[in-house]
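Here is a sequence with its predicted model. Questions after.
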Amino acid sequence: MNNVKELDNLYVANTYARFPVNIVKGKCSYCYDDKGVKYIDMGAGIAVNTFGYSDAAWKKAVINQLNAFQHTSNLYYSEPCALLAKTLCEKTDMKKVFFSNSGAEANECAIKVARKYAAEKLGKDCYNIITLKNGFHGRTIATLAATGQDVFHKNFAPFPDGFLYADANDINGVKNLMENNKVAAIMIECVQGEGGVNPLTCEFVKELSELCGKTGALLIIDEVQTGNGRTGKLYAYMHYGIKPDIITTAKGLGGGLPIGACIMGEKAEKMLSYGDHGSTFGGNPVSCAGALNILNRIDDKLLAEVNRKSEYIFNRLKNAKGVISVSGKGLMIGVKPEKDAKAVVNACMEKGVLFLTAKDKVRLLPALNIPFSALKIALDVLCAVCAE
Ligand SMILES: *Cc1c(COP(=O)(O)O)cnc(C)c1O
């Protein structure tokens, strides 16, 4: 098929501004378009392809499960789902997992759990959830309401009530909201991804955690993008010395297959009971088998490697010509160029390297196992384009 672009433009909803690249195959951190052009992929499908394209061990786990059975309903047990839940709980010291198919759904689940918790434990009308301005929690109506960015809200009102927005790193703003409203939960990304790759300060996150401890509100950490080794720890909250009540994750967990997880701690674990929530595809055995393979491979050795690569990237970009600033953690990095970020990304694409943007930044989210040789070339290209 050589007119994929025309077909897509005709028949696929126009929600994405696609680059003129038709990917036909990939291996490791490299992908190829329909003209045979090879690219270094510094976006990994937006932090999804944790071990790059066509990773042999992950494929084996997925194919083994496909050969056994591809799906059954949640009316029956299946081993990949149970094992993945156990692994997630053991690695986070949490209690129970609800599986969905995306990040937005994982957050929907967290919102429902927090609302029910507050209704049962904190009293009547205690349904507000505080999120941060410039955050991102998904595209469903409720998670859009949770997303404190006006640009995403235009034309989609009315939204469900009960979301309050505070400025990132402004503890007094949060305290003020908590004093004047009944608050069920605070939901944050430790590193705001779509908002421009901005890590929250350690002090702020610790204070939020203490505030939740004092008031009984649940602390929900959205690890959809930051999770699964991305920031150099298994989950980004682990940099902050806090214990969340709920962790949500998705993107990199499946290594390329759709899966979301809402991971609940002691306070929240008993909130979902029979009939409270559900998802036909949630806990799909193929997605879970893939995720189990991914999660078991994010060990100290891999995380050390992630941190080594992160340091290399920061060092190369820190004082690079045409670069204003570098932010982020691990292999989740935002680069603010003097030039327009989109123009930089387009120019890099012409030179065979695929980057992402986030607001006015060039965003780097490469596969965690990207070879140093590929990383070096990608940064040579980025530095050259920024300096031009
Ligand atoms: C991508 C993202 C989401 C939404 O995930 P989907 O799988 O696209 O629904 C939610 N929260 C954060 C922090 C994200 O980066």
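Good, I have the coordinates.

Identify the residues contacting the residue in the chain positioned nearest to the ligand.
Closest contact between the chain and the ligand, by C-beta to the nearest ligand atom, is at residue 103 (2.3 Å). Backbone N, C-alpha and C define where each C-beta goes, glycine included. Residues near residue 103 by C-beta atoms under 8 Å, 6 or more residues apart in numbering: 137, 138, 222, 224, 225, 248, 249, 250, 251, 260.

For the buried ones among these, write the corresponding ChimeraX selection.
Per 16 or more other C-beta atoms under 10 Å, the buried members of these correspond to this ChimeraX selection:
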select :137,138,222,224,225,248,249,250,251,260
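
List the contacts of the most centrally placed residue in the chain.
Nearest to the mean C-alpha position of the chain, by C-alpha atoms, centre = their mean, lies residue 225 at 1.4 Å. Taking C-beta under 8 Å, 6+ apart, we find residue 225 in contact with 46, 47, 103, 189, 191, 193, 194, 251, 252, 332, 365.

taking the contacts of residue 103 one by one, which sit in strands?
Counting by DSSP state E, the part of the contacts of residue 103 found in strands is 222, 248, 249, 260.

so what's the last one up against?
To tie it back to what came earlier, the one meant is residue 260. So residue 260 contacts 99-106, 109, 224, 248-250, 253, 282 (C-beta under 8 Å, 6+ apart).

Can you list the helices and strands that the helix ranked longest in the chain packs against?
Looking across the chain with DSSP state H, the single longest helix is helix 300-318. Applying 3 or more C-beta pairs under 8 Å, 6 or more residues apart in numbering; DSSP states H and E, one finds that helix 300-318 contacts strand 323-329, strand 332-337, helix 372-387.

Let's see that with 10 Å instead.
When contacts are defined as 3 or more C-beta pairs under 10 Å, 6 or more residues apart in numbering; DSSP states H and E, helix 300-318 sits against strand 323-329, strand 332-337, strand 361-364, helix 372-387.

For the helix or strand following the second one, give me every contacting residue.
Put plainly, it is strand 332-337. Per DSSP states H and E, the first helix or strand lying C-terminal to strand 332-337 is helix 341-350. With contact meaning C-beta atoms under 10 Å, 6 or more residues apart in numbering, helix 341-350 is reached by 17, 19-21, 37, 39-40, 42-43, 196, 322-323, 334-335, 337-340, 353-363, 378, 381-382, 384-386, 388.

Filter these down to the buried ones.
Neighbour counting by 16+ other C-beta under 10 Å classes 21, 39-40, 42-43, 196, 322-323, 334-335, 337, 339, 353-359, 361-363, 378, 381-382, 385-386 among these as buried.

Tell me how this protein divides into domains.
Using automatic domain parsing, the domain parsing of the chain gives 2-55+300-387, 58-297.

For the longest one, measure first residue to last.
In this case it means domain 58-297. End-to-end span of domain 58-297 (C-alpha to C-alpha, to the nearest Å): 10 Å.

as a whole number, average confidence for that domain?
Taken as a whole, domain 58-297 carries a mean pLDDT of 97.

so how far is it from its chain's centroid?
In this view, domain 58-297 has its centroid 10 Å away from the chain centroid, taken as C-alpha atoms, centre = their mean, to the nearest Å.

What of the first one?
Centroid separation between domain 2-55+300-387 and its chain, computed with C-alpha atoms, centre = their mean, is 16 Å.

That one and the ligand in contact?
No: counting by C-beta under 6 Å from any ligand atom, the ligand has no neighbours in domain 2-55+300-387; the shortest distance is 6.7 Å.

Same check on stretch 237-256?
Yes: with C-beta under 6 Å from any ligand atom as the criterion, the ligand is reached by stretch 237-256 at 250, 251.

Next, the buried residues of that stretch.
237-240, 242-256.

so what's residue 127 closest to, chain neighbours aside?
Nearest residue to residue 127 in three dimensions, chain neighbours excluded: residue 162, at 4.5 Å (C-beta to C-beta, 6 or more residues apart in numbering).

How about residue 249?
residue 227 (3.8 Å).

residue contacts, residue 318?
By C-beta under 10 Å, 6+ apart, the contact list for residue 318 reads 325, 326.

Kindly report the same for residue 238.
91, 92, 190, 221, 223, 231, 232, 244, 303.

Now for the residues you listed: which two are most distant?
The span of the contacts of residue 238, defined through C-beta to C-beta, is set by 244 and 303 at 19.0 Å.

can you pull out the helices in the protein?
4-11, 44-47, 56-68, 79-92, 103-117, 141-146, 171-180, 202-215, 285-297, 300-318, 341-350, 372-387.

what's next to the second one, contact-wise?
This means helix 44-47. 23, 26, 29, 31, 50-53, 193-194, 224-230, 250-252, 255-256, 331-332, 354, 356, 363-368, 370.

Test of understanding: give the bridge partners of the closest residue to residue 294 other than its chain neighbours.
With sequence-adjacent residues excluded and distances taken as C-beta to C-beta, 6+ apart, residue 294 is closest to residue 255, at 4.2 Å. Beta-bridge pairing for residue 255 (DSSP bridges): residue 257.

Quick one: neighbours of residue 324, just the number.
A count of neighbours around residue 324, defined by other C-beta atoms under 10 Å, yields 13.

can you pull the pLDDT of it?
Reported pLDDT for residue 324: 98.

That one reaches residue 335, doesn't it?
Yes: taking contacts as C-beta atoms under 10 Å, residue 324 lies within contact range of residue 335: 8.5 Å.

Quick one: buried ones out of the contacts of residue 238?
92, 190, 221, 223, 231, 232, 244, 303.

For the fifth one, give me its contacts.
Residues counted as contacts of residue 231 (C-beta under 10 Å, 6+ apart) are 190-191, 199, 223, 225, 237-239, 303, 306-307, 310, 328-333.

Ramachandran coordinates for residue 241?
When read as degrees, to the nearest 10, the backbone of residue 241 gives phi 60, psi 40.

Sorry, slip of the keys, the one I care about is residue 196.
The phi and psi torsions at residue 196 (degrees, to the nearest 10) take the values phi 120, psi 20.
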